[in-house]
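Participant: Here is a sequence together with a model predicted from it:
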Amino acid sequence: MTATDTRPTGGARPRTGGPARTAPPGRRASRDTRPAWEEPPTRAGLGAKGAILVLAVLAILFPVWIVAVTSVSDAETISRTGGLVVWPDGVSLDAYRELLSGGEVSRAMLVSLGVTVVGTLLSMAVSVLAAYGLSRLGSLGHRPLLFTLMATMFFGGAGIIPTYLLVQSLGLMNSYAALILPMAVNVFNILVLRAFFMNVGQEIIDSARIDGAGEFRILWQLVLPLSRAVLAVISLFYAVAYWGNWFAGFIYITDQEKLPLQNVLQQIVLANERPAGMAQVIGTGQIPSLAVQTAVMILALLPVAVLSPFVQRHFKKGMLIGAVKG
């Protein structure tokens, strides 16, 4: 046998376990990872899914587009179309300028903004502290408190009348506290936070305790920085709930100056009332009443629409890790 002959002696061939499997030409490698019972998508199926998604997006955005275009249309354009405007022609920002000039709508926006900020901070503080305490399995009264909170999700004892009587007995009627305290705690959000906190590495917490850190320092410097995703999502849940809370202002607030934006929106759009200070410009036709109504809708929608994209990237991670792994 020459030096260049590399065949094994004895005529035996090395066993390589069979020929290597190669993907058929034109087939992507990612399809090989599909389960045996899952068929590869067809072009017709992908096209149908894309068409359905496009139609769903248009069904959502088209009404918003009409409302936004009508709010910036002048009186001549609205009069010519006879109502809502689909395509902008004459653009005018007089409705927004009058609404934000310090009248009733501006005051209502400040009320809603203050209630949303204060309420979200209070709710997050209570929820984070409760969730962290319940996430420590050896904490005092861990199981009774957890089952008590979970029971409120299935057996709601407080209805509208008991809640109203409680707010009235506490002297909170016609106050901003009535817009915050009745909805300050959400058990579902606490459970999601608890599940997320339980996934934080126990060895990290134990090492911090060995170094002399207390529970509040562990929560503030270790647990919360590792939980930014779920904190952003839960904060958005609370903020949207406070911003869109119309019912609390309807039953607890009697002073017009303390009403949040959602209640003023109901008065302008459904009750067809004119905002204070704008009766003359609307009555003379300088600003169409429909432009004012749609402008208030956009002002009520704008904060949520602006805030949501910044939290969207945390939504999947925060909800899946917090809810599934718990």
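Facilitator: That came in fine, so what should we check first? As the structure is a prediction and not an experimental result, all values here were calculated from the model. Numbers count the residues shown, from 1 in each chain.

Participant: The one helix or strand Tyr132 maps to - contacts with which helices or strands?
Facilitator: Tyr132 is part of helix 104-135, with elements assigned from DSSP states H and E. When contacts are defined as 3 or more CB pairs under 8 Å, 6 or more residues apart in numbering; DSSP states H and E, helix 104-135 packs onto helix 142-154, helix 187-198, helix 228-243, helix 261-269, helix 289-324. Every residue, glycine included, has its C-beta placed from N, CA and C.

Participant: any idea of the mean pLDDT in the fourth one?
Facilitator: Averaged across helix 261-269, pLDDT comes to 88.

Participant: Please name every helix or strand in contact with it.
Facilitator: If you count contacts as 3+ CB pairs under 8 Å, 6+ apart, helix 261-269 packs onto helix 104-135, helix 247-252, helix 289-324.

Participant: With the second one instead?
Facilitator: Secondary-structure packing of helix 187-198 (3+ CB pairs under 8 Å, 6+ apart): helix 104-135, helix 142-154, helix 228-243, helix 289-324.

Participant: thinking again about what came up before, now the helix holding Tyr132: buried residues?
Facilitator: 104-109, 111-112, 115-116, 119-120, 122-124, 127-128, 130-135 (16 or more other CB atoms under 10 Å).

Participant: out of the helices and strands packed on helix 187-198, nearest to Leu261?
Facilitator: helix 104-135 (4.2 Å; CB to CB).

Participant: Now do the closest residue to Ser135 other than its chain neighbours, the pLDDT please.
Facilitator: If the residues on either side of it in the chain are set aside, Ser135 comes closest to Phe197, at 3.8 Å by CB to CB, 6 or more residues apart in numbering. At Phe197, the model reports a pLDDT of 88.

Participant: same question, Glu38
Facilitator: Predicted confidence (pLDDT) for Glu38: 71.

Participant: Repeat that for Leu181.
Facilitator: pLDDT, Leu181: 93.

Participant: Check the one 5 residues further on too.
Facilitator: We have a pLDDT of 90 for Asn186.

Participant: now do the one 4 residues further on
Facilitator: In this prediction, Ile190 carries a pLDDT score of 92.

Participant: Neighbours of Leu166, how many?
Facilitator: The local packing of Leu166 (other CB atoms under 10 Å) involves 13 other residues.

Participant: what's the spacing between it and Gly159?
Facilitator: Per CB to CB, to the nearest Å, Leu166 is found 11 Å from Gly159.

Participant: one step back: quick one: distance of the helix holding Tyr132 to the chain centre.
Facilitator: In terms of CA atoms, centre = their mean, to the nearest Å, the gap separating the centre of helix 104-135 from the centre of its chain is 14 Å.

Participant: Nearest to Pro260, out of the helices and strands packed on helix 187-198?
Facilitator: So among the helices and strands packed on helix 187-198, helix 104-135 is nearest, using CB to CB, at 4.2 Å.

Participant: quick one: that closest one to helix 187-198, angle?
Facilitator: Angle of helix 104-135 versus helix 187-198, following axes from the mean of the first three to the mean of the last three CA atoms, to 10 degrees, is 50 degrees.
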